[in-house]
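Enquirer: Just need the structure, nothing else, for what follows:
(2 chains)
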Amino acid sequence: DAGVIQSPRHEVTEMGQEVTLRCKPISGHNSLFWYRQTMMRGLELLIYFNNNVPIDDSGMPEDRFSAKMPNASFSTLKIQPSEPRDSAVYFCASSWDLNTGELFFGEGSRLTVL
Amino acid sequence: GQSLEQPSEVTAVEGAIVQINCTYQTSGFYGLSWYQQHDGGAPTFLSYNALDGLEETGRFSSFLSRSDSYGYLLLQELQMKDSASYFCAGPDRGSTLGRLYFGRGTQLTVWP
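Expert: Numbers count the residues shown, from 1 in each chain, chains lettered A, B, ... in the order given. Here you go, the predicted model:
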């Protein structure tokens, strides 16, 4: 079975541009998470969905960030406008049962904003 | 802010045993997980403790003491490929199930 699939794997853009990161969770998983990883702040939870519904978005840094999950097999994280401080690796993860403590992570999208 | 504390780095030689500690603060406890990450790749799940005691999975074991708000990951018969970052993860104070926070990670270096 395919794991969590993220795209693009690498993105380099200029400040002010819109960035859209995409995620396909593992089929059958009902929870989806977006994390951001930087050297300074480690792994930060941005938002998570359960059954396609956003449950907690308190980790989203500011209004420039938005996330959607239109169906069980697809989610997007959008940054508009992007800033250099948004440079990070963005991970998507999914889970079929939160009581197991197990998340399945994608390979991440490495974003560089110049 | 962060509510899971772990050492920033640990070093050991091949064949040795190493223990990575994690202390946490949470009022809504749902268990403690451990993840491994190689060179910025995808974090991968290692173990989960929902109850006190030791869970063993091959060369890796994980321990939890809820009364002490403390857990550890024990790696035995270390191999070079075990060099990676290890993260403990759990719910933050007052969180609902699903809001999983990660510690800052412990960088393990295994020397030949």
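Enquirer: Hmm, A:F65 is touching A:P81, no?
Expert: No: shown here, A:F65 and A:P81 do not form a contact pair, counting by Cβ atoms under 8 Å, at 10.9 Å. Where you see a C-beta, it was placed from the backbone N, CA and C, and this is true even at glycine.
Enquirer: Neighbour count for the two, which is higher?
Expert: Neighbours per residue (other Cβ atoms under 10 Å in any protein chain shown) separate A:F65 from A:P81, with A:F65 holding more: 20 against 14.
Enquirer: and that one, what are its phi and psi?
Expert: phi -100, psi 140 (degrees, to the nearest 10).
Enquirer: mind checking how far it is from chain B?
Expert: Per Cβ to the nearest Cβ, to the nearest Å, A:F65 is found 17 Å from chain B.
Enquirer: Can you name the residues that contact A:P84?
Expert: A:15, A:113-114 (Cβ atoms under 8 Å, 6 or more residues apart in numbering or on different chains).
Enquirer: Nearest residue to B:V13 in space, please, no chain neighbours.
Expert: B:W111 (5.0 Å; Cβ to Cβ, 6 or more residues apart in numbering or on different chains).
Enquirer: how deep is the one you found tucked in, by neighbour count?
Expert: 11.
Enquirer: Check B:V10 too.
Expert: Counted with other Cβ under 10 Å, B:V10 comes out at 17.
Enquirer: hang on, isn't it packed against B:I20?
Expert: Yes: assessed by Cβ under 8 Å, B:V10 is found in contact with B:I20 at 6.2 Å.
Enquirer: so what's the residue of chain A found nearest chain B up against?
Expert: Ranked by Cβ to the nearest Cβ, the top residue of chain A for proximity to chain B is A:G101, at 3.4 Å. Residues counted as contacts of A:G101 (Cβ under 8 Å, 6+ apart) are B:30-33, B:45, B:48-50, B:89, B:100.
Enquirer: Where does pLDDT dip in chain B?
Expert: Residue ranges of chain B with pLDDT under 70: B:1-2, B:26-29, B:92-98.
Enquirer: again, only using 80
Expert: B:1-2, B:26-30, B:40, B:91-99 (pLDDT under 80).
Enquirer: Within range of chain A, give me the residues from it.
Expert: B:2, B:30-33, B:35, B:40-45, B:48-50, B:87, B:89, B:96-105 (Cβ under 8 Å from any Cβ of the partner chain).
Enquirer: which other residues reach stretch B:46-57?
Expert: A:99-102, B:30-36, B:60-67, B:71, B:73, B:86.
Enquirer: Which members of those residues are positioned in strands?
Expert: Of the contacts of stretch B:46-57, the ones assigned to strands by DSSP state E are B:32-36, B:60-65, B:71, B:73, B:86.
Enquirer: where does chain A come near chain B, residue by residue?
Expert: A:4, A:31, A:33, A:35, A:37, A:42-43, A:45, A:48, A:50, A:55-56, A:89, A:91, A:93, A:98-108.
Enquirer: Of the contacts of stretch B:46-57, just the buried ones, ChimeraX syntax please.
Expert: The ChimeraX selection below is limited to those of the contacts of stretch B:46-57 classed as buried (16 or more other Cβ atoms under 10 Å in any protein chain shown):
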select /A:101,102 /B:30,31,32,33,34,35,36,60,61,62,63,64,66,71,73,86
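Enquirer: And the strands in the chain?
Expert: Chain wasn't specified; assuming chain A. A:5-7, A:10-13, A:19-24, A:31-38, A:42-50, A:53-56, A:65-71, A:74-79, A:88-95, A:104-105, A:109-113.
Enquirer: let's do chain B instead
Expert: Under DSSP E, chain B gives strands at B:4-5, B:9-13, B:18-24, B:32-37, B:44-49, B:53-57, B:60-65, B:70-75, B:84-91, B:100-102, B:106-111.
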